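A.B. asks: I would like the atomic coordinates for the input below:
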Amino acid sequence: MRKKNQEGLIHIIVYLLIFCIFLFTVYACLDILELIEVPEEYSVANWFSKYTDYGKMQEYDENSDETVQNMNKKVRVEMEETGQKSNIDIEIPTINHYQSLPANSGNKVHKSTFLYYDQLDDYAKIIYTELEKNLDKMKSGTYNVQFGKTFNDLLQQENGENVLNNSFQLAINALNFDNPELFYIDISKVYLLTKISTRLWSTTYEVEIGASQGQSYLNPSFANEEEVNQAIEAIETEKNKIKSNLRGSIENQIRGVHDYLVENLEYDSTISKDNIYNIYGALISRCTVCEGYARSFKDIMDDLNIPCLIACGIGVNSTGETESHAWNYVMLDGNWYAIDVTWDDPIIIGNGRVGDSVKYRYYLKGSNDFFTNHKEDGAIVGDANFKYPTLSMENY
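C.D. replies: Sure, this is the predicted structure:
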């Protein structure tokens with residue numbers, strides 16, 4: 001009897017082993033043929049690809065020396081034209097920017113009727129929106145925003161890599177111009193990184209955006225998040241002081257901000273100091289160039305809920321020479337007008353003062369006057385050619 005019981009137990013164990021082997025074989029086949037969704041750590045196909053000669057797993061950095069054409073270029077008004085445009089017919093959802101931002105994101109809610117965001121393609125809008133959601137985390141300088149397989153279908157296409165890279169360039173520069181308070185991020189050090197997983201039958205692409213190879217994308221003037229927050233606090237204190245002295249109508253508030261910047265900032269003709277292109281250099285160091293003037297003006301207008309944007313183009317200076325330039329457009333009484341705070345603050349030799357004829361030469365100007373020596377091109381990056389709202393023909 002005991003012998004029969006032992007034989008029965010052995011049969012049961014053998015049957016269970018056969019059944020387990022059968023289940024595992026079915027599971028492995030379904031996984032390898034990609035008929036079921038399996039987490040990467042539990043994927044037989046992934047293990048088989050990594051540890052056999054039939055496949056490989058590789059990390060692909062689009063900013064490596066071999067693919068340097070994908071490196072993000074630093075936003076500067078005086079940048080060279082780079083990049084290329086291409087189109088691929090792939091269906092992806094349309095993004096509503098305002099609905100996509102969580103109520104507790106802590107990011108500034110733009111009241112402007114103009115955003116560079118609105119002119120982006122759908123891929124760029126996805127990138128812009130996800131980066132904006134994570135700006136607080138990006139103060140560390142090392143946080144990478146994960147997109148997973150969002151762009152997998154695009155990258156499967158013949159020209160998908162170029163399309164995604166172009167969308168990335170447009171998105172991060174649009175984000176930078178719509179949000180002048182991002183002085184602490186050096187966007188030339190923010191990379192588009194793609195991880196390629198190759199299995200037996202297919203290749204999968206996962207994307208993240210942020211720091212490459214352990215480097216930081218913070219502005220070199222700030223070593224860590226603590227220093228970034230201290231700088232933000234200093235800027236907010238300065239802006240609150242400016243806003244506390246504003247009185248009266250919207251036009252009076254615009255004039256008050258314009259006058260403060262003209263009277264308190266110094267133009268850096270050496271182009272050699274730190275932070276001359278951002279609001280920290282303008283409002284704290286008080287030494288800046290045209291981009292710093294324009295960014296500071298927009299940042300305060302955003303706080304005041306006055307529609308405003310940073311415009312880029314070419315200016316013909318007092319000596320007749322052309323130069324890359326940045327200024328602002330602001331909406332007042334339903335019309336758009338131009339303000340060039342930089343050129344309203346000329347370099348004065350000695351102890352001279354700027355008279356009103358100079359101080360307001362480029363204040364609330366219409367197209368008939370302003371475009372005599374300004375030409376907009378919308379090329380905030382490469383050949384993007386963003387379009388601007390139509391100015392009032394007449395001055396305010």
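A.B. asks: Can you spell out which helices and strands pack onto whichever helix or strand Val163 is part of?
C.D. replies: Per DSSP states H and E, Val163 falls inside helix 160-178. Helix 160-178 sits against helix 122-133, helix 152-155, strand 191-198, strand 203-210, with contacts defined as 3 or more Cβ pairs under 8 Å, 6 or more residues apart in numbering; DSSP states H and E. C-betas here are computed from N, CA, C, even on glycine.
A.B. asks: could you check the angle strand 191-198 makes with that helix?
C.D. replies: With axes from the mean of the first three to the mean of the last three Cα atoms, to 10 degrees as the basis, helix 160-178 and strand 191-198 are set at 150 degrees to each other.
A.B. asks: got JSON lines for the helices and strands packed on helix 160-178, with distance to Ile339 too?
C.D. replies: Below are the helices and strands packed on helix 160-178 laid out as JSON lines (distance: least, Cβ to Cβ, whole Å):
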{"stretch": "helix 122-133", "distance to Ile339": "26"}
{"stretch": "helix 152-155", "distance to Ile339": "40"}
{"stretch": "strand 191-198", "distance to Ile339": "35"}
{"stretch": "strand 203-210", "distance to Ile339": "33"}
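A.B. asks: check contacts around the spatially closest residue to Leu218 that is not a sequence neighbour.
C.D. replies: Distance criterion Cβ to Cβ, 6 or more residues apart in numbering; nearest residue to Leu218, sequence neighbours excluded, is Gly141 at 3.5 Å. Residues near Gly141 by Cβ atoms under 8 Å, 6 or more residues apart in numbering: 185, 211, 216-218, 224-225.
A.B. asks: What pairs with the longest strand seen in the chain, parallel or antiparallel?
C.D. replies: When the chain is parsed with DSSP state E, its longest strand is strand 322-332. Here strand 322-332 is paired, per DSSP bridges, with strand 308-316 (antiparallel), strand 335-339 (antiparallel).
A.B. asks: Pick the most deeply packed of the helices and strands packed on helix 160-178.
C.D. replies: Comparing those by mean neighbour count (mean count of other Cβ atoms under 10 Å), helix 122-133 comes out on top with a mean of 22.
A.B. asks: Restrict that helix to CA atoms and write it as PDB.
C.D. replies: Written as PDB, here are the backbone C-alpha positions of helix 122-133 (Å, rounded to 0.1, in the frame of the first residue of the first chain):
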ATOM      1  CA  ASP A 122       1.200  67.900 -31.500                       C
ATOM      2  CA  TYR A 123       4.500  66.100 -30.600                       C
ATOM      3  CA  ALA A 124       6.000  69.400 -29.400                       C
ATOM      4  CA  LYS A 125       2.900  70.200 -27.300                       C
ATOM      5  CA  ILE A 126       3.200  66.800 -25.500                       C
ATOM      6  CA  ILE A 127       6.900  67.600 -24.700                       C
ATOM      7  CA  TYR A 128       6.200  71.200 -23.600                       C
ATOM      8  CA  THR A 129       3.300  70.200 -21.400                       C
ATOM      9  CA  GLU A 130       5.100  67.400 -19.600                       C
ATOM     10  CA  LEU A 131       8.200  69.500 -19.000                       C
ATOM     11  CA  GLU A 132       6.000  72.300 -17.600                       C
ATOM     12  CA  LYS A 133       4.300  69.900 -15.200                       C
END
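A.B. asks: can you tell me how far the residue lying closest to Asp186 once chain neighbours are set aside sits from Val190?
C.D. replies: Take Asp186 and drop its neighbours on the chain: the residue closest to it by Cβ to Cβ, 6+ apart is Asn219, 5.1 Å away. Distance of Asn219 to Val190, computed by Cβ to Cβ, to the nearest Å: 12 Å.
A.B. asks: List the residues that contact the spatially most central residue of the chain.
C.D. replies: Of all residues in the chain, the one closest to the mean position by Cα atoms, centre = their mean is Ile172, 2.4 Å from it. By Cβ under 8 Å, 6+ apart, the residues touching Ile172 are 72, 127-128, 131, 187, 190, 209.
A.B. asks: and which of the residues you listed is nearest to Asn275?
C.D. replies: Closest to Asn275 out of these is Ile187 (14.4 Å), distances taken as Cβ to Cβ.
A.B. asks: Around the closest one, how many other residues sit close by?
C.D. replies: Neighbour count of Ile187, defined by other Cβ atoms under 10 Å: 18.
A.B. asks: Check Tyr363 too.
C.D. replies: 22.
A.B. asks: my guess is it contacts Arg255, does it?
C.D. replies: Yes - counting by Cβ atoms under 8 Å, Arg255 is a contact partner of Tyr363 at 7.5 Å.
A.B. asks: pLDDT weak spots in the chain?
C.D. replies: Low-confidence segments of the chain (pLDDT under 70): 1-8, 11, 27-35, 37-112, 347-356.
A.B. asks: Surely Asp121 is in contact with Phe168?
C.D. replies: No - assessed by Cβ under 8 Å, Asp121 is found out of contact with Phe168, at 11.0 Å.
A.B. asks: So between these two, which is more surrounded?
C.D. replies: Set Asp121 next to Phe168 and count neighbours by other Cβ under 10 Å: Phe168 wins out with 25 against 16.
A.B. asks: Next, the contact list for that one, please.
C.D. replies: Phe168 is in contact with 72, 124, 127, 192, 209, counting by Cβ under 8 Å, 6+ apart.
A.B. asks: Reformat the contacts of Ile172 as JSON lines; add distance to Glu323.
C.D. replies: Listed next are these as JSON lines, based on distance: Cβ to Cβ, whole Å:
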{"residue": "Asn72", "distance to Glu323": "24"}
{"residue": "Ile127", "distance to Glu323": "31"}
{"residue": "Tyr128", "distance to Glu323": "29"}
{"residue": "Leu131", "distance to Glu323": "31"}
{"residue": "Ile187", "distance to Glu323": "23"}
{"residue": "Val190", "distance to Glu323": "27"}
{"residue": "Ile209", "distance to Glu323": "33"}
